[in-house]
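Enquirer: please find the sequence and the predicted model below.
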Amino acid sequence: MTSDIMSDTARHQIVRRNIKSSDRTSGAQQTSTRGHRREQQYHRSRSPERKQRKRSRSRESSDERYTKHRHYEQVSRRISKDRSYHRSRRSSYSMSRSPRESLSPPRHRSSNISPTSRSHQNPHRSPLPPSRSPRRLDLHSRRPVSPRPSRSHKPLPSQEQSYRGQGDIPPDAVAESAPKEKPNFKPSGFLAAETNKVTLGSGNNSKSIVLKYHEPPEARKPPSSEAWVLFIFKGTSEKPLHTIPLHSRSCWLLGRETAVADIPVEHPSCSKQHAVFQFRHVVKKDEWGEKKGKVGLYLLDLESANGTQLNGGKVEATRYVECLSGDVVRFGESEREYVLLLPPKV
């Protein structure tokens, strides 16, 4: 019984040893197969057949790329030729004289090719950009556009020369210009015209007349001791037509405008508002240097068309001229004479 048990245990031990040895041999076999496979892969990669396959594949890919590139160049060359042909047709249509000639196609197509398309005939030459082409076409006018003028490096002209259009003329050749007009802040007379406006009538029939003259601040009535009188004569008659006492008022307006004139002048050569007799208070110095004020009679021409004469001489317009007793005044081409007299003091 005991011997059988011992034999069984010995068998089990022998079986275990065999299993362990078999496991060791199988592991070694596996490692040897892996290394062998790696070695085979290495030799295959280094074999001349594989190198030949790689070369053939690379040659095929380079051939494909070359054919694609050639095809692209042919297509681009064909497009550029078509564009240049159409451009030449457009220019021939615009430059043609008769409609029949413009409708006929060009005989030699190669002669109408623009310089930009000729550069595309060479496959190894890159095409010129449109901005560098020697001839450019305007799509709106369909005419060759002239190149832009080169920018000059000369000094800029003055502001006045450029305003007058004399930018290319040297400054020495340009004459000296007139001085610039300064602002004028003097009264324009519009406000005075509004205040001196006289309205005649009412409603739609109303008429407004602007007075050319208004009295100055030194206007005065003469004293009663100086009773000036105006005598109006015509021709060679010794009898006056009218006698007007001037000392009753400080200002007398003469003219053809009977609505505003104090002394009407009917001759057609006289203006509507011709002249004025004005009494003014003026301060003067005597021979001793003392200041003395005096009211005197002055004549003023209101820029009349034919002027005013005092004792045969023409009176300057818009300027006061002092009158003395016995002076003779004439207005325009009228034959009437206006004589100023100051009666002597008693």
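Expert: Thanks, I have it.

Enquirer: pull the number of nearby residues for Val328.
Expert: Neighbours of Val328 under the rule other CB atoms under 10 Å: 14. No exception for glycine: its C-beta is placed from N, CA and C like everyone else's.

Enquirer: show me what it is bridged to.
Expert: Under the criterion DSSP bridges, Val328 forms beta bridges with Val339.

Enquirer: wait, it sits on Asn311?
Expert: Yes: counting by CB atoms under 8 Å, Val328 does reach Asn311; the two are 5.8 Å apart.

Enquirer: now the closest residue to Gly326 other than its chain neighbours, what are its backbone angles?
Expert: Distance criterion CB to CB, 6 or more residues apart in numbering; nearest residue to Gly326, sequence neighbours excluded, is Leu341 at 6.6 Å. With angles defined as degrees, to the nearest 10, Leu341 sits at phi -130, psi 140.

Enquirer: make 2 the first number, not 1, from now on.
Expert: Noted, 2 is the first residue going forward, which turns the last one into Leu342.

Enquirer: what is the burial count for Leu342?
Expert: Around Leu342 there are 15 other residues, counting by other CB under 10 Å.

Enquirer: give me every residue that touches it.
Expert: 229-232, 326-327 (CB atoms under 8 Å, 6 or more residues apart in numbering).

Enquirer: buried among those residues? Need that as a selection in PyMOL.
Expert: A single PyMOL command selects the buried members of the contacts of Leu342 (16 or more other CB atoms under 10 Å):
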select buried, resi 229+230+231+232
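
Enquirer: give me the mean pLDDT for stretch 243-257.
Expert: For stretch 243-257, mean pLDDT is 93.

Enquirer: so which bits of it are buried?
Expert: Counting neighbours by 16+ other CB under 10 Å, the buried set in stretch 243-257 is 245, 247-248, 251-257.

Enquirer: for Lys10, helix, strand, or coil?
Expert: One thing to correct before we go on: residue 10 is Thr, not Lys. Per DSSP: H, G, I helix; E, B strand; the rest coil, the secondary structure class of Thr10 is helix.

Enquirer: what's the neighbour count on it?
Expert: 10.

Enquirer: likewise for Leu300?
Expert: Neighbours of Leu300 under the rule other CB under 10 Å: 21.

Enquirer: contacting residues around it?
Expert: Counting by CB under 8 Å, 6+ apart, Leu300 touches 276-279, 309, 311, 316, 321-324, 330.

Enquirer: tell me the one among the residues you listed nearest to Asn206.
Expert: Nearest to Asn206 out of the contacts of Leu300 is Val277 (CB to CB; 29.0 Å).

Enquirer: where does pLDDT dip in the stretch 202-347 of the chain?
Expert: Scanning the stretch 202-347 of the chain for pLDDT under 70 picks out 347.

Enquirer: please repeat the previous calculation with a cut-off of 90.
Expert: Low-confidence segments of the stretch 202-347 of the chain, defined by pLDDT under 90: 202-215, 225-226, 236-239, 260, 285-294, 344-347.

Enquirer: ok, and for stretch 225-240, which residues are buried?
Expert: Buried-residue list, stretch 225-240, by 16+ other CB under 10 Å: 227, 229-232, 234.

Enquirer: start to end distance for that stretch?
Expert: With CA to CA, to the nearest Å as the measure, the first residue of stretch 225-240 is 26 Å from its last.

Enquirer: give me the contact list for that stretch.
Expert: Contacts for stretch 225-240 (CB under 8 Å, 6+ apart): 223, 241-248, 253, 264, 278, 296, 298, 336-344, 346.

Enquirer: so which residues of the stretch 152-301 of the chain form helices?
Expert: For the stretch 152-301 of the chain, the helices defined by DSSP state H, counting those that start in this stretch occupy 160-165, 191-196.

Enquirer: from Pro241, how far off is the residue nearest to Gly327?
Expert: The gap separating Leu342 from Pro241 is 10 Å, by CB to CB, to the nearest Å.

Enquirer: do the same with Ile210
Expert: On the measure of CB to CB, Ile210 and Pro241 end up 30 Å apart.

Enquirer: again with Leu157
Expert: Distance, Leu157 to Pro241, using CB to CB: 76 Å.

Enquirer: same question, Glu334
Expert: 21 Å.

Enquirer: now swap in Arg35 and tell me
Expert: 158 Å.

Enquirer: which of those two has more neighbours?
Expert: More neighbours surround Pro241 than the other of Arg35 and Pro241, with 16 against 10 (other CB under 10 Å).

Enquirer: who touches the more buried one in this structure?
Expert: Each residue near Pro241 by CB under 8 Å, 6+ apart is listed here: 232-234, 340.

Enquirer: one more time with 7 Å, if that's ok
Expert: Going by CB atoms under 7 Å, 6 or more residues apart in numbering, Pro241 touches 232-234.

Enquirer: mind checking which of these are in strands?
Expert: Here DSSP state E is the test, and the contacts of Pro241 give 232-234 as lying in strands.

Enquirer: quick check: the farthest pair among the buried residues of stretch 243-257?
Expert: Spatial extent of the buried residues of stretch 243-257 (CB to CB) is set by the pair His248 and Arg257 at 25.2 Å.

Enquirer: fine, thanks again, bye for now.
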